[in-house]
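Colleague: build me a model from this:
(chains A and B)
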There are 2 protein chains.
Amino acid sequence: MSIKGLTNEQAAMVQHIKLLKQQAGSHSPSLFTIKEQLPSLKMDIDACFLSNPYATDLFLNYFKKELLGDDLHIRDMLEFYPSQNKVIAASLASFLKVPQEMLFVGNGAIEIIQAVIHNFTKEKIIVNIPTFSSYYEFIKPGVSIVFNKLKKEEDYKLNVEDLLQLVNYEKPDTVVLINPNNPNGGYITKAEIAELLEGLKNIKTVLLDESFIHFAYENDELEPLSYVDMVMKYPNVITIKSMSKDFGIAGIRAGYAIMHPSRIKHLLENGFLWNSNGLAEYFFKLYVREQFQKEYEIVRKRYIRDSQEYFKNLAAIEGMKRYPTQANFALIELETGILADDFAFGLLVKSGVYTRTCSDKIGLDGEFIRLASRSHDENEAIVKAIKEAL
Amino acid sequence: MSIKGLTNEQAAMVQHIKLLKQQAGSHSPSLFTIKEQLPSLKMDIDACFLSNPYATDLFLNYFKKELLGDDLHIRDMLEFYPSQNKVIAASLASFLKVPQEMLFVGNGAIEIIQAVIHNFTKEKIIVNIPTFSSYYEFIKPGVSIVFNKLKKEEDYKLNVEDLLQLVNYEKPDTVVLINPNNPNGGYITKAEIAELLEGLKNIKTVLLDESFIHFAYENDELEPLSYVDMVMKYPNVITIKSMSKDFGIAGIRAGYAIMHPSRIKHLLENGFLWNSNGLAEYFFKLYVREQFQKEYEIVRKRYIRDSQEYFKNLAAIEGMKRYPTQANFALIELETGILADDFAFGLLVKSGVYTRTCSDKIGLDGEFIRLASRSHDENEAIVKAIKEAL
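Modeller: Purely as a prediction, here's the structure:
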């Protein structure tokens, strides 16, 4: 079964993309890759891509003004070595209200995820599924993985009691919490996080991935959420934060983590000395500036409001179910009998809308795609394309 | 003892920089760090910095033309995820005449050095000293290090027989060869490399670091040297190549390595999935273009000729010895009794010329600094400043 109205040529392109998808493993093939391999493909909207486009605009404004002026200050960022890890970490410390010896800077959050799992997970890891696949793909041989399968009948929301019970029984050395979770956007409230961290305080390592936390909220003012105070009470917790999604700068590769100083010392003894590039260092300097943060708050809230409107519109489409989300994406279950890959790649070929098939995601029962929130206009176009395809 | 004519204020600044140097460990404090901490310091020339400035100019020309035009194509490099490691490696394969499954792309060569030493050095490593410190700093606990001390009376040139004899006696699992060597610039000829690789063919891992090879030559035409054919014969050799020095783009973080496919498979199973940023991917695409390579060859040769003239001028200065070099830097021994730190930081404060003290380098007997070759005019200014200081 394919989506409505595909030509033979389009159907062949769907097959080609399926192949690229296989080669890319458990991540989507990149935009560059697809464009290179299928130059005739018209990709108008990348709804795989989890990123606030308004934040990219904001960053670009600063970038143009400060680096592309007459003196072309960007030359310094390209030509010279960036600062070492510890120096960049120090520049973030007071803004994040964290001692500098607890801050670790990464070449994207993915580098940190790999580093902490390799270095600190020795025996058994519990991962809630569905999840971001790196959390179990990066484990070393000999480490066992226990999946805590989130329940479909509970909309894949994390059930705190279930998880604590499983932990008690399995006695892992590592537990992973992603909040909001990827790929479903399920949110763990501040009260639940408090309960979880207390219940997990005897576990050697708790990974709290807050890469999507800027899109979540607990009140109508959409005030930013922060768990720093809470996390500081538990020396076993490692908080990981990507900057790619909320700040719209995935190409720069920037992330950080908060963890016990002894762990950072261990990591830095083993490398990660010069793992930031010149533009990442520029971004981190911008990130801590008051004026930038003020402007960022405006685009963050604007994006959340646009996203929530989009999620409401998706929920109203017949033939699919939109799951509850507090991230910048929504998990969609296809209920018409079409396979996720056929739907996702068919939609790309027919309407130029690239969506994330979840056919490779473990822990989902059914056919699922994940839809990113993009700009207001793009979101409307995505809704329209999906309505036409179903 | 300090350099001639320092004021009290300047002497205090020298002490401050000594402290920064301590904090930076076995690498120089970065330009950014020093400028931030000592805003009144006038640093005119960074002669620590091992980079072809003409190549930076060349890259900047392309960068401006192709990324900063009206459509601001650079937005794509900042906003979107770069391609995965394997995809970028594939784009380099035919240019380097190496099968794609033997190519590994790094977030700078330093990431590769760390990765291969962590993953493939299990027992004992032999490193020729003086050397680039990461080669022994990154080893895991339990691995023993054997230093092959290069002889001062042989101008710190690698003696092939001595090394092979030591290897035969020590039976290491890893041998490191840096060609030309850092910090002295000593060159191992193609004939010597052939002899070494044959003599080391039973060693599990031979690391051949060619980060400075673009500055070396064996004939007056300065033809580019390449060992790819030779290396392909020995599956135990890992060739590591930084792009920072020859292409003048240290801030972008780009490097690659050639190694046996089974090793790359092992590394990619453990991470390094998305370790390039958007600009590194752009650089690698530029790097394989014929027109870029043609223009690069001109600036490479121009830089070598300027460097060789500079090295000749340095050799003529009294009170110091310039060691033989085929890199883009020269090792200088101070013969007036001044300590290397006092000379280097004194020269910075007095003349705005930042040179690399080698006080932290093991394997050197005496007081040494390392001088990078910069542009023609800067090289002349460095020579002048040193003459005044000695």
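
Colleague: who in the stretch 101-250 of chain A is up against chain B?
Modeller: Proximity of the stretch 101-250 of chain A to chain B (C-beta under 8 Å from any C-beta of the partner chain) is limited to residues A:107-108, A:110-111, A:114-115, A:118, A:134, A:138, A:140, A:244, A:248-250. Every C-beta, even on glycine, is put in place using the N, C-alpha and C of the backbone.

Colleague: cool, and the stretch 251-390 of chain A?
Modeller: Near chain B, when you scan the stretch 251-390 of chain A using C-beta under 8 Å from any C-beta, you find A:251-253, A:270-275, A:277-281.

Colleague: I'd like those residues as a markdown table, with secondary structure appended.
Modeller: Output for those, formatted as a markdown table (DSSP: H, G, I helix; E, B strand; the rest coil):
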| residue | secondary structure |
| --- | --- |
| A:Gly251 | coil |
| A:Ile252 | coil |
| A:Arg253 | coil |
| A:Asn270 | coil |
| A:Gly271 | coil |
| A:Phe272 | coil |
| A:Leu273 | coil |
| A:Trp274 | coil |
| A:Asn275 | coil |
| A:Asn277 | coil |
| A:Gly278 | helix |
| A:Leu279 | helix |
| A:Ala280 | helix |
| A:Glu281 | helix |
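
Colleague: mark which of these are buried, thanks.
Modeller: Of the members of these, the ones counted as buried by neighbours, 16 or more other C-beta atoms under 10 Å in any protein chain shown, are A:251-253, A:270-275, A:277-281.

Colleague: what two of those residues have the greatest distance between them?
Modeller: A:Gly251 and A:Asn270 (26.6 Å; C-beta to C-beta).

Colleague: moving C-terminal of the worst-scoring helix or strand of chain A on mean pLDDT, what's the next helix or strand?
Modeller: Every helix and strand in chain A was compared by mean pLDDT, DSSP states H and E; the lowest is helix A:31-37, with a mean of 75. Where DSSP states H and E defines the elements, the next helix or strand beyond helix A:31-37 is strand A:45-46.

Colleague: and that following strand, which strands flank it?
Modeller: Its sheet considered, strand A:45-46 pairs with strand A:353-354 (parallel) by DSSP bridges.

Colleague: quick one: contacts for A:Phe329?
Modeller: Counting by C-beta atoms under 8 Å, 6 or more residues apart in numbering or on different chains, A:Phe329 touches A:Leu50, A:Asn182, A:Pro183, A:Gly185, A:Arg356, A:Arg370, A:Leu371, A:Ala372, A:Ser373.

Colleague: can those residues go into JSON lines with extra columns for pLDDT and secondary structure?
Modeller: As requested, the contacts of A:Phe329 are exported to JSON lines (pLDDT from 0 to 100; DSSP: H, G, I helix; E, B strand; the rest coil):
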{"residue": "A:Leu50", "pLDDT": "96", "secondary structure": "coil"}
{"residue": "A:Asn182", "pLDDT": "95", "secondary structure": "coil"}
{"residue": "A:Pro183", "pLDDT": "96", "secondary structure": "coil"}
{"residue": "A:Gly185", "pLDDT": "97", "secondary structure": "coil"}
{"residue": "A:Arg356", "pLDDT": "94", "secondary structure": "strand"}
{"residue": "A:Arg370", "pLDDT": "98", "secondary structure": "strand"}
{"residue": "A:Leu371", "pLDDT": "98", "secondary structure": "strand"}
{"residue": "A:Ala372", "pLDDT": "98", "secondary structure": "strand"}
{"residue": "A:Ser373", "pLDDT": "98", "secondary structure": "coil"}
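
Colleague: quick check, nearest of the residues you listed to B:Ser351?
Modeller: Proximity of these to B:Ser351 (C-beta to C-beta) peaks at A:Leu50, which lies at 50.9 Å.

Colleague: pretty sure that closest one is touching A:Asn328, no?
Modeller: Yes: using C-beta atoms under 8 Å, A:Leu50 is in contact with A:Asn328, at 5.8 Å.

Colleague: tell me, what's touching the two both at once?
Modeller: A:Phe212, A:Lys245, A:Ala372.

Colleague: quick check: the second one vs A:Ala109, distance?
Modeller: Using C-beta to C-beta, to the nearest Å, one obtains 9 Å as the distance from A:Lys245 to A:Ala109.

Colleague: quick check: A:Tyr256 touching A:Lys241?
Modeller: Yes: with contact defined as C-beta under 8 Å, A:Tyr256 counts as touching A:Lys241 (5.5 Å).

Colleague: returning to what we had before: for PyMOL, what selects the buried ones among the residues of the stretch 101-250 of chain A next to chain B?
Modeller: The PyMOL selection below is limited to those of those classed as buried (16+ other C-beta under 10 Å):
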select buried, chain A and resi 107+108+110+111+114+115+118+134+138+244+248+249+250
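
Colleague: nearest to chain B, of the residues of the stretch 101-250 of chain A next to chain B?
Modeller: Distance to chain B across those (C-beta to the nearest C-beta) is lowest for A:Gln114, with 3.7 Å.

Colleague: name the nearest residue to that closest one, sequence neighbours excluded.
Modeller: Leaving aside its sequence neighbours, A:Gln114 sits nearest to B:Gly271 (C-beta to C-beta, 6 or more residues apart in numbering or on different chains; 3.7 Å).

Colleague: confidence score at the one you found?
Modeller: Listed pLDDT for B:Gly271 reads 76.

Colleague: residues touching it, list them.
Modeller: Contacts of B:Gly271 by C-beta under 8 Å, 6+ apart are A:Ile110, A:Glu111, A:Gln114, A:Ala115, A:His118, A:Phe138.

Colleague: got those residues as a markdown table, with secondary structure, distance to A:Arg289 and pLDDT columns?
Modeller: Below are the contacts of B:Gly271 laid out as a markdown table (DSSP: H, G, I helix; E, B strand; the rest coil; distance: C-beta to C-beta, whole Å; pLDDT from 0 to 100):
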| residue | secondary structure | distance to A:Arg289 | pLDDT |
| --- | --- | --- | --- |
| A:Ile110 | helix | 26 | 94 |
| A:Glu111 | helix | 25 | 93 |
| A:Gln114 | helix | 30 | 90 |
| A:Ala115 | helix | 28 | 90 |
| A:His118 | helix | 34 | 88 |
| A:Phe138 | coil | 34 | 86 |
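
Colleague: determine which two of those are furthest apart.
Modeller: A:Ile110 and A:His118 (12.4 Å).

Colleague: in stretch A:4-15, which residues are buried?
Modeller: A:Leu6, A:Gln10, A:Met13, A:Val14.

Colleague: share the number of residues neighbouring the nearest residue to the third one once chain neighbours are set aside, please.
Modeller: Distances taken as C-beta to C-beta, 6+ apart place A:Val349 nearest to A:Met13, at 4.8 Å, with adjacent residues excluded. For A:Val349, the tally of surrounding residues (other C-beta atoms under 10 Å in any protein chain shown) stands at 26.
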